[in-house]
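> Sequence and predicted model, in that order:
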Amino acid sequence: MFTKSSGGSSSQSDSIPPRKASTAPGQNRAASVPSLLSQDLLITGDIKTDGEVQIDGRLDGNISAGKVTIGEHGAVNGKIVSTVVLVRGKVTGKIDATSIELAETANVQADLVQDKLVVANGAFLDGKCNRKSAAPTPIKAAEPVKAAAKKSA
C-alpha cells in the first residue's frame, strides 16, 4: 500500500487513485440516496438536512428536510418542514410543506400548511388545513337569491 521512495519518506502507491475533494458546505450536490431511519430505530431529537429523509422507525422531534417520506410503519411526533412530504405512516404535530400527499395508510393528527394537498381514499386526517399562498382567483360573496317572478293576485 505504501512504498518507500528514494528520498526516505513514504508515499502512496500508484495503484490507489487520489481522493476527490468533497463538496464544500453550501454547495448544491447532485441528487443522492435518501437518509433512511429503519423500522427498529427510535430517535429523540431533531433532524435537519437539505436532502431527502425516509422515516420507517419512530422520531420524537422535528424534521427540516428537502423531501420527507414517512413509511407505513414510520411515526413522527413533532413538526415537519419540507418542500415535499409523503405520509404513509403516522404523524402527530404539524406539517408545513409546499406539497403534502397522504397515502391510504396515512394516520395524520396534525395541522397542515401547504399549497398542494392530496388525500387518498382511506387516509385518516384530523387537523386544520391552510394554504400557504392566496387563492389564484378571489372568491366572490354569493348574491342573495331573488324571486324569479311575483305571483299576480
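Perfect, thanks for sending it.
> Give me the three-state assignment for the most centrally placed residue in the chain.
Nearest to the geometric centre of the chain sits residue 68, at 2.5 Å (C-alpha atoms, centre = their mean). Assigned by DSSP: H, G, I helix; E, B strand; the rest coil, the conformation of residue 68 is strand.
> Let me see the contact set for it.
Shown in contact with residue 68 (C-beta atoms under 8 Å, 6 or more residues apart in numbering): 52-55, 80, 82, 84-86, 97. Where C-beta positions appear, they are placed from N, C-alpha and C, glycine not excepted.
> By neighbour count, which of these wins?
residue 55 (30 neighbours; other C-beta atoms under 10 Å).
> Is that residue in contact with residue 73, as I believe?
No - with contact defined as C-beta atoms under 8 Å, residue 55 does not reach residue 73; the gap is 9.3 Å.
> Now do the shared contacts for the two.
residue 89.
> pLDDT-wise, which helix or strand of the chain ranks last?
Using mean pLDDT, DSSP states H and E, the weakest-scoring helix or strand in the chain turns out to be strand 10-12, at a mean of 47.
> Compute the number of surrounding residues for the nearest residue to residue 114 once chain neighbours are set aside.
Using C-beta to C-beta, 6 or more residues apart in numbering and skipping the chain neighbours, the partner closest in space to residue 114 is residue 100 (4.6 Å). Neighbour count of residue 100, defined by other C-beta under 10 Å: 28.
> tell me the contacts of residue 100?
The contact partners of residue 100, by C-beta under 8 Å, 6+ apart, come to 85, 87, 112, 114, 116-118.
> Please tell me how far it sits from residue 51.
19 Å (C-beta to C-beta, to the nearest Å).
> Also residue 68?
Counting by C-beta to C-beta, the gap from residue 68 to residue 51 is 10 Å.
> Residue 113 now?
Residue 113 is 22 Å from residue 51, by C-beta to C-beta.
> neighbour-wise, which of the two wins?
Comparing residue 113 with residue 51 by neighbour count (other C-beta under 10 Å), the higher total belongs to residue 113, at 18 against 13.
> quick one, phi psi at the more buried one?
For residue 113, the backbone dihedrals (degrees, to the nearest 10) come out as phi -130, psi 120.
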